[in-house]
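Student: dropping the sequence and predicted coords here.
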Amino acid sequence: MCTPDISPLGGSLQNTPLKFTVYTLENGLEVVLYPDHNIPVAVTSIMYHVGSKDDPENRRGFAHFFEHLLFEGTQNIPRGEWFKLVSTNGGTNNANTSDDRTYYYEVFPSHQLELAIWMEAERLRHAIINQIGIDTQKEVVKEEKKMRYDNRPYGHLLAEVKKHLFPSHPYRNTTIGEVEDIDASTLIEFKNFYKKFYIPNNAVLVIAGNFEIEQTKNWIQKYFGSISSGSKIERKKILELPISDTIIAEYEDPNVQIPMLVLAYRTPSMKDKDSRILDFISSYFSDGQSSKLYKKLVDEKKMALQVGAFNISLEDYGLYIIYALPMTGIDLNDLKKEIDEEILQLQKAPISNHDFLKLKNKYQNHLIDNKTSLETIAHDLATFHLLYKDIHLINTEFDLLNSINQNEIQLVSQFYLNPHQRLELVYKPKNIL
(Lines give C-alpha, C1' and ligand atoms only; values in the text may rest on other atoms or scores of the structure.)
Protein backbone atom coordinates (compact mmCIF):
# COMPACT_ATOMS: atom_id res chain seq x y z
CA MET A 1 0.00 0.00 0.00
CA CYS A 2 1.37 3.42 -1.00
CA THR A 3 1.51 6.33 1.45
CA PRO A 4 0.32 9.63 -0.03
CA ASP A 5 3.15 12.09 -0.51
CA ILE A 6 2.27 15.40 1.18
CA SER A 7 5.80 16.75 1.07
CA PRO A 8 6.30 20.06 -0.75
CA LEU A 9 6.05 19.58 -4.50
CA GLY A 10 5.28 15.92 -4.02
CA GLY A 11 4.31 13.71 -6.94
CA SER A 12 4.39 15.06 -10.48
CA LEU A 13 4.06 18.77 -9.64
CA GLN A 14 6.59 20.81 -11.57
CA ASN A 15 7.75 24.39 -11.27
CA THR A 16 8.92 25.32 -14.75
CA PRO A 17 10.55 28.76 -14.86
CA LEU A 18 8.89 31.24 -17.19
CA LYS A 19 11.08 32.86 -19.82
CA PHE A 20 10.38 36.50 -20.54
CA THR A 21 12.04 39.62 -21.92
CA VAL A 22 12.16 42.96 -20.13
CA TYR A 23 13.20 46.25 -21.69
CA THR A 24 12.48 49.98 -21.46
CA LEU A 25 11.48 52.45 -24.16
CA GLU A 26 13.21 55.83 -24.31
CA ASN A 27 10.11 57.46 -22.81
CA GLY A 28 10.38 55.27 -19.71
CA LEU A 29 7.69 52.70 -20.48
CA GLU A 30 8.68 49.33 -19.03
CA VAL A 31 7.86 46.42 -21.34
CA VAL A 32 7.61 42.73 -20.50
CA LEU A 33 7.18 40.10 -23.23
CA TYR A 34 6.22 36.53 -22.35
CA PRO A 35 5.75 34.35 -25.46
CA ASP A 36 3.69 31.16 -25.14
CA HIS A 37 2.75 29.48 -28.40
CA ASN A 38 0.53 26.82 -26.84
CA ILE A 39 -2.63 28.95 -26.92
CA PRO A 40 -3.76 31.02 -29.95
CA VAL A 41 -4.46 34.17 -27.93
CA ALA A 42 -2.49 37.12 -26.62
CA VAL A 43 -3.02 39.16 -23.47
CA THR A 44 -2.15 42.84 -23.64
CA SER A 45 -2.09 44.51 -20.24
CA ILE A 46 -0.84 47.76 -18.82
CA MET A 47 -0.51 48.61 -15.15
CA TYR A 48 -0.21 52.22 -14.03
CA HIS A 49 1.38 53.06 -10.70
CA VAL A 50 -1.64 55.01 -9.50
CA GLY A 51 -4.24 53.84 -7.00
CA SER A 52 -6.54 55.25 -4.38
CA LYS A 53 -3.59 56.18 -2.18
CA ASP A 54 -2.69 58.71 -4.90
CA ASP A 55 -6.09 60.41 -4.87
CA PRO A 56 -5.75 64.17 -4.38
CA GLU A 57 -6.77 65.58 -1.03
CA ASN A 58 -10.57 65.92 -0.87
CA ARG A 59 -10.90 64.08 -4.17
CA ARG A 60 -11.28 60.54 -2.91
CA GLY A 61 -12.08 58.09 -5.68
CA PHE A 62 -10.19 59.75 -8.54
CA ALA A 63 -8.00 56.74 -9.39
CA HIS A 64 -10.99 54.41 -9.49
CA PHE A 65 -12.99 56.95 -11.49
CA PHE A 66 -10.37 56.84 -14.24
CA GLU A 67 -10.79 53.08 -14.49
CA HIS A 68 -14.25 53.93 -15.85
CA LEU A 69 -13.48 57.21 -17.59
CA LEU A 70 -10.74 55.83 -19.83
CA PHE A 71 -13.18 53.57 -21.63
CA GLU A 72 -15.09 56.65 -22.85
CA GLY A 73 -13.02 56.94 -25.99
CA THR A 74 -9.99 58.58 -27.58
CA GLN A 75 -9.30 60.83 -30.53
CA ASN A 76 -9.47 57.79 -32.80
CA ILE A 77 -11.95 55.59 -30.92
CA PRO A 78 -15.34 57.35 -30.80
CA ARG A 79 -17.27 57.56 -27.55
CA GLY A 80 -19.12 54.31 -26.83
CA GLU A 81 -17.10 52.30 -29.36
CA TRP A 82 -14.36 50.83 -27.17
CA PHE A 83 -16.22 47.71 -26.07
CA LYS A 84 -17.75 47.23 -29.52
CA LEU A 85 -14.29 47.31 -31.08
CA VAL A 86 -13.10 44.65 -28.68
CA SER A 87 -16.09 42.32 -29.00
CA THR A 88 -16.40 42.52 -32.80
CA ASN A 89 -12.77 41.43 -33.09
CA GLY A 90 -13.23 38.40 -30.84
CA GLY A 91 -11.75 39.89 -27.70
CA THR A 92 -12.58 40.54 -24.07
CA ASN A 93 -11.30 43.27 -21.79
CA ASN A 94 -11.59 44.69 -18.30
CA ALA A 95 -9.91 46.91 -15.73
CA ASN A 96 -9.60 47.18 -11.96
CA THR A 97 -8.20 49.55 -9.37
CA SER A 98 -6.56 48.94 -6.00
CA ASP A 99 -4.99 51.16 -3.36
CA ASP A 100 -1.70 51.03 -5.28
CA ARG A 101 -2.33 50.62 -9.01
CA THR A 102 -4.79 50.64 -11.92
CA TYR A 103 -4.78 47.74 -14.37
CA TYR A 104 -6.24 47.42 -17.88
CA TYR A 105 -6.12 44.36 -20.12
CA GLU A 106 -7.42 42.85 -23.35
CA VAL A 107 -7.46 39.23 -24.48
CA PHE A 108 -7.59 38.87 -28.27
CA PRO A 109 -6.98 36.13 -30.82
CA SER A 110 -3.29 36.33 -31.64
CA HIS A 111 -3.82 37.89 -35.06
CA GLN A 112 -5.44 40.92 -33.36
CA LEU A 113 -2.48 41.72 -31.12
CA GLU A 114 -1.58 44.85 -33.06
CA LEU A 115 -5.11 46.16 -32.48
CA ALA A 116 -4.79 45.64 -28.73
CA ILE A 117 -1.41 47.41 -28.59
CA TRP A 118 -2.81 50.33 -30.59
CA MET A 119 -5.85 50.62 -28.32
CA GLU A 120 -3.78 50.78 -25.14
CA ALA A 121 -1.47 53.32 -26.74
CA GLU A 122 -4.54 55.35 -27.67
CA ARG A 123 -5.72 55.29 -24.07
CA LEU A 124 -2.31 56.55 -22.93
CA ARG A 125 -1.64 59.03 -25.74
CA HIS A 126 -4.88 60.98 -25.99
CA ALA A 127 -7.91 59.75 -24.14
CA ILE A 128 -10.90 62.09 -24.46
CA ILE A 129 -11.63 63.65 -21.10
CA ASN A 130 -14.67 65.90 -21.38
CA GLN A 131 -17.66 66.89 -19.31
CA ILE A 132 -20.13 64.51 -20.95
CA GLY A 133 -17.90 61.52 -20.17
CA ILE A 134 -17.34 62.69 -16.61
CA ASP A 135 -21.04 63.25 -16.00
CA THR A 136 -21.87 59.81 -17.44
CA GLN A 137 -19.32 57.99 -15.33
CA LYS A 138 -20.29 59.88 -12.19
CA GLU A 139 -23.66 58.17 -12.33
CA VAL A 140 -22.05 54.79 -13.04
CA VAL A 141 -19.72 55.11 -10.05
CA LYS A 142 -22.55 56.26 -7.78
CA GLU A 143 -24.55 53.16 -8.68
CA GLU A 144 -21.52 50.94 -8.14
CA LYS A 145 -20.99 52.47 -4.69
CA LYS A 146 -24.63 51.86 -3.76
CA MET A 147 -24.50 48.25 -4.95
CA ARG A 148 -21.09 47.23 -3.59
CA TYR A 149 -20.89 49.32 -0.43
CA ASP A 150 -23.92 51.30 0.75
CA ASN A 151 -26.66 48.70 0.19
CA ARG A 152 -24.60 45.55 0.70
CA PRO A 153 -24.53 43.78 4.07
CA TYR A 154 -21.21 44.50 5.77
CA GLY A 155 -20.34 46.65 2.75
CA HIS A 156 -18.51 49.24 4.87
CA LEU A 157 -16.46 46.72 6.83
CA LEU A 158 -13.15 47.35 5.08
CA ALA A 159 -13.70 51.12 5.08
CA GLU A 160 -14.20 51.12 8.84
CA VAL A 161 -11.14 48.95 9.44
CA LYS A 162 -8.91 51.11 7.25
CA LYS A 163 -10.13 54.32 8.84
CA HIS A 164 -8.94 53.16 12.25
CA LEU A 165 -5.73 51.38 11.24
CA PHE A 166 -4.45 54.22 9.07
CA PRO A 167 -5.05 57.60 10.71
CA SER A 168 -2.31 59.23 8.57
CA HIS A 169 -1.64 57.08 5.51
CA PRO A 170 -4.01 57.43 2.53
CA TYR A 171 -4.83 53.74 2.86
CA ARG A 172 -7.44 55.10 5.27
CA ASN A 173 -9.61 55.85 2.21
CA THR A 174 -11.60 53.39 0.14
CA THR A 175 -10.90 52.72 -3.52
CA ILE A 176 -14.45 53.65 -4.54
CA GLY A 177 -14.07 57.07 -2.94
CA GLU A 178 -16.77 59.46 -1.80
CA VAL A 179 -19.67 60.78 -3.86
CA GLU A 180 -19.33 64.33 -2.53
CA ASP A 181 -15.69 64.51 -3.67
CA ILE A 182 -16.47 63.30 -7.17
CA ASP A 183 -19.45 65.66 -7.44
CA ALA A 184 -17.32 68.61 -6.40
CA SER A 185 -14.52 67.87 -8.87
CA THR A 186 -13.92 69.89 -12.02
CA LEU A 187 -12.94 69.05 -15.57
CA ILE A 188 -9.51 70.60 -15.16
CA GLU A 189 -8.85 68.46 -12.07
CA PHE A 190 -9.55 65.30 -14.05
CA LYS A 191 -7.30 66.48 -16.89
CA ASN A 192 -4.50 67.28 -14.46
CA PHE A 193 -4.78 63.84 -12.83
CA TYR A 194 -4.56 62.16 -16.25
CA LYS A 195 -1.56 64.30 -17.23
CA LYS A 196 0.26 63.50 -13.98
CA PHE A 197 -0.24 59.74 -13.67
CA TYR A 198 -1.03 58.42 -17.16
CA ILE A 199 2.47 58.72 -18.53
CA PRO A 200 4.77 56.05 -20.02
CA ASN A 201 7.30 56.35 -17.20
CA ASN A 202 4.61 55.42 -14.65
CA ALA A 203 3.53 52.15 -16.26
CA VAL A 204 4.49 48.64 -17.27
CA LEU A 205 3.16 47.03 -20.46
CA VAL A 206 2.95 43.23 -20.55
CA ILE A 207 2.28 41.10 -23.62
CA ALA A 208 1.71 37.41 -22.91
CA GLY A 209 0.72 34.64 -25.30
CA ASN A 210 1.16 33.59 -28.91
CA PHE A 211 3.22 36.26 -30.67
CA GLU A 212 6.54 36.85 -32.37
CA ILE A 213 8.90 38.94 -30.27
CA GLU A 214 10.49 41.12 -32.97
CA GLN A 215 7.19 41.94 -34.66
CA THR A 216 5.64 42.79 -31.30
CA LYS A 217 8.58 45.01 -30.38
CA ASN A 218 8.09 46.88 -33.66
CA TRP A 219 4.40 47.43 -32.91
CA ILE A 220 5.15 48.63 -29.39
CA GLN A 221 7.74 51.08 -30.70
CA LYS A 222 5.38 52.22 -33.45
CA TYR A 223 2.45 53.01 -31.15
CA PHE A 224 4.05 53.77 -27.77
CA GLY A 225 7.52 54.99 -28.70
CA SER A 226 6.54 58.54 -29.69
CA ILE A 227 4.43 59.22 -26.57
CA SER A 228 6.23 61.78 -24.44
CA SER A 229 7.30 60.90 -20.95
CA GLY A 230 5.89 62.91 -18.06
CA SER A 231 7.38 64.60 -15.05
CA LYS A 232 8.78 62.24 -12.45
CA ILE A 233 6.19 61.53 -9.78
CA GLU A 234 7.39 62.35 -6.29
CA ARG A 235 5.93 59.99 -3.73
CA LYS A 236 5.98 60.82 -0.03
CA LYS A 237 6.64 57.95 2.34
CA ILE A 238 3.98 58.24 5.04
CA LEU A 239 4.73 56.27 8.18
CA GLU A 240 2.18 55.31 10.79
CA LEU A 241 3.04 55.19 14.46
CA PRO A 242 2.88 51.64 15.86
CA ILE A 243 -0.40 50.68 17.50
CA SER A 244 0.39 50.27 21.20
CA ASP A 245 -3.11 50.24 22.73
CA THR A 246 -6.18 48.34 21.59
CA ILE A 247 -8.47 50.47 19.43
CA ILE A 248 -12.12 49.94 20.37
CA ALA A 249 -14.78 50.92 17.81
CA GLU A 250 -18.35 50.28 16.71
CA TYR A 251 -20.17 50.74 13.44
CA GLU A 252 -23.92 50.51 12.78
CA ASP A 253 -25.14 49.18 9.44
CA PRO A 254 -28.86 49.19 8.53
CA ASN A 255 -28.23 46.36 6.04
CA VAL A 256 -27.26 43.71 8.60
CA GLN A 257 -29.20 41.69 11.15
CA ILE A 258 -26.32 39.80 12.77
CA PRO A 259 -23.45 41.60 14.52
CA MET A 260 -19.90 40.85 13.43
CA LEU A 261 -16.78 40.73 15.56
CA VAL A 262 -13.76 42.11 13.71
CA LEU A 263 -10.16 41.92 14.94
CA ALA A 264 -7.81 43.82 12.63
CA TYR A 265 -4.05 44.33 12.71
CA ARG A 266 -1.72 46.57 10.71
CA THR A 267 0.87 44.40 8.97
CA PRO A 268 3.95 44.91 6.75
CA SER A 269 4.29 45.65 3.06
CA MET A 270 3.63 42.99 0.42
CA LYS A 271 7.37 43.04 -0.24
CA ASP A 272 8.12 41.76 3.25
CA LYS A 273 8.44 38.00 3.74
CA ASP A 274 6.29 38.33 6.87
CA SER A 275 3.35 39.17 4.60
CA ARG A 276 3.67 35.74 2.94
CA ILE A 277 3.85 34.11 6.36
CA LEU A 278 0.65 35.88 7.40
CA ASP A 279 -1.02 34.35 4.33
CA PHE A 280 -0.03 30.95 5.71
CA ILE A 281 -1.50 31.85 9.09
CA SER A 282 -4.76 32.91 7.44
CA SER A 283 -5.12 29.53 5.79
CA TYR A 284 -4.18 27.75 8.99
CA PHE A 285 -6.94 29.59 10.86
CA SER A 286 -9.81 29.59 8.38
CA ASP A 287 -9.24 27.99 4.97
CA GLY A 288 -11.53 25.00 4.78
CA GLN A 289 -13.61 23.02 7.25
CA SER A 290 -10.55 21.46 8.87
CA SER A 291 -8.96 24.85 9.64
CA LYS A 292 -8.51 25.72 13.29
CA LEU A 293 -11.08 28.51 13.75
CA TYR A 294 -13.71 26.97 11.50
CA LYS A 295 -13.47 23.55 13.08
CA LYS A 296 -13.56 24.95 16.62
CA LEU A 297 -16.17 27.74 16.37
CA VAL A 298 -18.46 26.53 13.58
CA ASP A 299 -18.20 22.76 13.60
CA GLU A 300 -17.46 21.70 17.18
CA LYS A 301 -18.67 24.43 19.56
CA LYS A 302 -21.32 25.81 17.19
CA MET A 303 -20.66 29.33 18.43
CA ALA A 304 -20.30 30.96 15.00
CA LEU A 305 -22.23 30.97 11.77
CA GLN A 306 -19.11 32.00 9.94
CA VAL A 307 -15.49 32.77 10.76
CA GLY A 308 -12.62 33.89 8.59
CA ALA A 309 -9.11 35.31 8.52
CA PHE A 310 -7.38 37.02 5.62
CA ASN A 311 -4.32 39.13 4.89
CA ILE A 312 -4.57 42.09 2.51
CA SER A 313 -1.11 42.79 1.09
CA LEU A 314 -0.46 46.34 -0.12
CA GLU A 315 2.61 48.21 -1.30
CA ASP A 316 3.30 50.21 1.87
CA TYR A 317 1.47 48.27 4.59
CA GLY A 318 -0.98 45.41 4.94
CA LEU A 319 -4.08 44.54 6.93
CA TYR A 320 -4.76 41.29 8.73
CA ILE A 321 -8.42 40.73 9.56
CA ILE A 322 -10.18 38.04 11.60
CA TYR A 323 -13.97 38.12 11.70
CA ALA A 324 -16.79 36.03 13.13
CA LEU A 325 -20.59 36.02 12.98
CA PRO A 326 -22.13 34.60 16.19
CA MET A 327 -24.86 32.04 16.49
CA THR A 328 -28.01 33.30 18.21
CA GLY A 329 -27.38 33.88 21.90
CA ILE A 330 -23.57 33.88 21.66
CA ASP A 331 -21.83 36.94 23.07
CA LEU A 332 -19.14 38.54 20.90
CA ASN A 333 -16.78 38.64 23.87
CA ASP A 334 -17.00 34.88 24.12
CA LEU A 335 -16.14 34.59 20.44
CA LYS A 336 -13.19 36.91 20.94
CA LYS A 337 -11.96 34.79 23.84
CA GLU A 338 -12.05 31.62 21.74
CA ILE A 339 -10.23 33.30 18.84
CA ASP A 340 -7.57 34.68 21.16
CA GLU A 341 -7.03 31.21 22.57
CA GLU A 342 -6.20 29.90 19.09
CA ILE A 343 -3.85 32.82 18.43
CA LEU A 344 -2.14 32.22 21.78
CA GLN A 345 -1.79 28.54 21.03
CA LEU A 346 -0.02 29.40 17.77
CA GLN A 347 2.23 31.85 19.61
CA LYS A 348 3.16 29.27 22.25
CA ALA A 349 4.02 26.34 20.01
CA PRO A 350 4.83 25.73 16.34
CA ILE A 351 2.12 24.17 14.20
CA SER A 352 2.28 20.44 13.59
CA ASN A 353 4.33 18.94 10.76
CA HIS A 354 1.15 17.67 9.13
CA ASP A 355 -0.55 21.08 9.17
CA PHE A 356 2.61 22.76 7.96
CA LEU A 357 3.04 20.48 4.97
CA LYS A 358 -0.64 20.89 4.07
CA LEU A 359 -0.14 24.66 4.01
CA LYS A 360 2.94 24.44 1.82
CA ASN A 361 1.25 22.11 -0.64
CA LYS A 362 -1.79 24.37 -0.84
CA TYR A 363 0.23 27.45 -1.75
CA GLN A 364 2.56 25.63 -4.10
CA ASN A 365 -0.40 24.11 -5.95
CA HIS A 366 -1.88 27.59 -6.16
CA LEU A 367 1.30 28.90 -7.79
CA ILE A 368 1.27 26.06 -10.29
CA ASP A 369 -2.37 26.75 -11.14
CA ASN A 370 -1.52 30.40 -11.71
CA LYS A 371 0.96 29.40 -14.38
CA THR A 372 -1.80 27.77 -16.42
CA SER A 373 -3.57 31.11 -16.97
CA LEU A 374 -2.14 33.68 -19.38
CA GLU A 375 -4.22 36.40 -17.78
CA THR A 376 -2.83 35.59 -14.34
CA ILE A 377 0.73 35.41 -15.67
CA ALA A 378 0.38 38.83 -17.31
CA HIS A 379 -1.04 40.31 -14.12
CA ASP A 380 1.66 38.78 -11.93
CA LEU A 381 4.48 39.93 -14.21
CA ALA A 382 3.14 43.48 -14.09
CA THR A 383 2.61 43.39 -10.33
CA PHE A 384 6.01 41.95 -9.47
CA HIS A 385 7.76 44.43 -11.77
CA LEU A 386 5.83 47.57 -10.79
CA LEU A 387 5.01 47.09 -7.10
CA TYR A 388 7.44 44.48 -5.78
CA LYS A 389 10.33 45.80 -7.88
CA ASP A 390 11.33 42.18 -8.47
CA ILE A 391 9.85 40.63 -11.60
CA HIS A 392 11.83 37.44 -11.02
CA LEU A 393 9.44 36.58 -8.18
CA ILE A 394 7.36 34.97 -10.92
CA ASN A 395 9.99 32.21 -10.84
CA THR A 396 11.35 32.45 -7.29
CA GLU A 397 8.07 32.36 -5.33
CA PHE A 398 8.52 28.63 -4.88
CA ASP A 399 11.88 29.20 -3.25
CA LEU A 400 10.37 31.88 -1.04
CA LEU A 401 7.57 29.57 0.08
CA ASN A 402 9.96 26.71 0.67
CA SER A 403 12.08 28.95 2.89
CA ILE A 404 9.16 29.52 5.30
CA ASN A 405 9.38 27.30 8.37
CA GLN A 406 7.25 26.54 11.40
CA ASN A 407 9.38 28.65 13.69
CA GLU A 408 8.86 31.70 11.47
CA ILE A 409 5.11 31.19 11.53
CA GLN A 410 5.20 31.16 15.31
CA LEU A 411 7.44 34.25 15.48
CA VAL A 412 5.29 36.25 13.05
CA SER A 413 2.16 35.47 15.06
CA GLN A 414 3.97 36.64 18.19
CA PHE A 415 5.11 39.85 16.55
CA TYR A 416 1.90 41.03 14.87
CA LEU A 417 -1.15 39.31 16.37
CA ASN A 418 -1.35 40.77 19.85
CA PRO A 419 -4.40 42.36 21.51
CA HIS A 420 -2.67 45.68 22.22
CA GLN A 421 -1.75 46.03 18.53
CA ARG A 422 -5.19 45.71 17.02
CA LEU A 423 -8.56 47.21 16.28
CA GLU A 424 -11.53 45.53 17.93
CA LEU A 425 -14.57 46.52 15.90
CA VAL A 426 -18.17 45.56 16.60
CA TYR A 427 -20.01 45.84 13.30
CA LYS A 428 -23.65 45.76 14.36
CA PRO A 429 -27.19 46.25 13.08
CA LYS A 430 -28.64 49.73 13.10
CA ASN A 431 -32.15 50.03 14.45
CA ILE A 432 -34.31 52.04 12.09
CA LEU A 433 -37.50 53.41 13.64
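Tutor: Yep, it's here.
Student: what ranges does the protein have for its strands?
Tutor: In the chain, the strands defined using DSSP state E lie at 21-24, 30-35, 41-48, 92-97, 102-109, 203-209, 247-253, 260-267, 304-313, 318-326, 422-429.
Student: any idea how far Q414 is from K292?
Tutor: Using CB to CB, to the nearest Å, K292 is found at 17 Å from Q414. C-betas here are computed from N, CA, C, even on glycine.
Student: JSON lines for the strands of the chain, including distance to W219, mean neighbour count and mean pLDDT?
Tutor: Listed next are those as JSON lines, based on distance: least, CB to CB, whole Å; neighbours: other CB atoms under 10 Å; pLDDT from 0 to 100:
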{"stretch": "strand 21-24", "distance to W219": "14", "mean neighbour count": "13", "mean pLDDT": "98"}
{"stretch": "strand 30-35", "distance to W219": "11", "mean neighbour count": "20", "mean pLDDT": "98"}
{"stretch": "strand 41-48", "distance to W219": "10", "mean neighbour count": "26", "mean pLDDT": "98"}
{"stretch": "strand 92-97", "distance to W219": "18", "mean neighbour count": "17", "mean pLDDT": "97"}
{"stretch": "strand 102-109", "distance to W219": "13", "mean neighbour count": "22", "mean pLDDT": "98"}
{"stretch": "strand 203-209", "distance to W219": "9", "mean neighbour count": "27", "mean pLDDT": "98"}
{"stretch": "strand 247-253", "distance to W219": "50", "mean neighbour count": "15", "mean pLDDT": "97"}
{"stretch": "strand 260-267", "distance to W219": "41", "mean neighbour count": "24", "mean pLDDT": "98"}
{"stretch": "strand 304-313", "distance to W219": "34", "mean neighbour count": "20", "mean pLDDT": "96"}
{"stretch": "strand 318-326", "distance to W219": "38", "mean neighbour count": "23", "mean pLDDT": "98"}
{"stretch": "strand 422-429", "distance to W219": "49", "mean neighbour count": "20", "mean pLDDT": "97"}
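Student: make JSON lines out of those strands and add distance to I391.
Tutor: Formatted as JSON lines, the strands of the chain follow (distance: least, CB to CB, whole Å):
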{"stretch": "strand 21-24", "distance to I391": "6"}
{"stretch": "strand 30-35", "distance to I391": "7"}
{"stretch": "strand 41-48", "distance to I391": "12"}
{"stretch": "strand 92-97", "distance to I391": "20"}
{"stretch": "strand 102-109", "distance to I391": "16"}
{"stretch": "strand 203-209", "distance to I391": "9"}
{"stretch": "strand 247-253", "distance to I391": "37"}
{"stretch": "strand 260-267", "distance to I391": "24"}
{"stretch": "strand 304-313", "distance to I391": "17"}
{"stretch": "strand 318-326", "distance to I391": "21"}
{"stretch": "strand 422-429", "distance to I391": "34"}
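Student: nearest to F285, out of those?
Tutor: strand 304-313 (4.2 Å; CB to CB).
Student: what does the closest one rub up against?
Tutor: With contacts defined as CB atoms under 8 Å, 6 or more residues apart in numbering, strand 304-313 is touched by 258, 267, 269-270, 275, 278-279, 281-282, 285-286, 293-294, 297-298, 318-327, 330, 335, 339.
Student: apart from its chain neighbours, what residue comes closest to Y323?
Tutor: Of all residues not flanking Y323 in the chain, V262 sits nearest, at 5.0 Å (CB to CB, 6 or more residues apart in numbering).
Student: repeat for A304
Tutor: In space, and not counting its chain neighbours, A304 is closest to L297: 4.0 Å by CB to CB, 6+ apart.
Student: what is the neighbour count of the one you found?
Tutor: L297 has 26 neighbours, counted by other CB atoms under 10 Å.
Student: now the one 5 residues further on
Tutor: A count of neighbours around K302, defined by other CB under 10 Å, yields 10.
Student: what's the distance between it and N173?
Tutor: K302 is 38 Å from N173, by CB to CB.
Student: got it, and F356?
Tutor: Between F356 and N173 the computed distance is 37 Å (CB to CB).
Student: so the residue nearest to Y323 makes contact with L319?
Tutor: No. Using CB atoms under 8 Å, V262 makes no contact with L319, being 10.8 Å away.
Student: any shared contact partners between the two?
Tutor: Common contacts of V262 and L319, defined by CB under 8 Å, 6+ apart, comprise V161.
Student: show the pLDDT at the residue nearest to A304.
Tutor: At L297, the pLDDT value in this model is 97.
Student: and for H366?
Tutor: For H366, the pLDDT comes out at 88.
Student: repeat for K360
Tutor: On the pLDDT scale, K360 gets 91.
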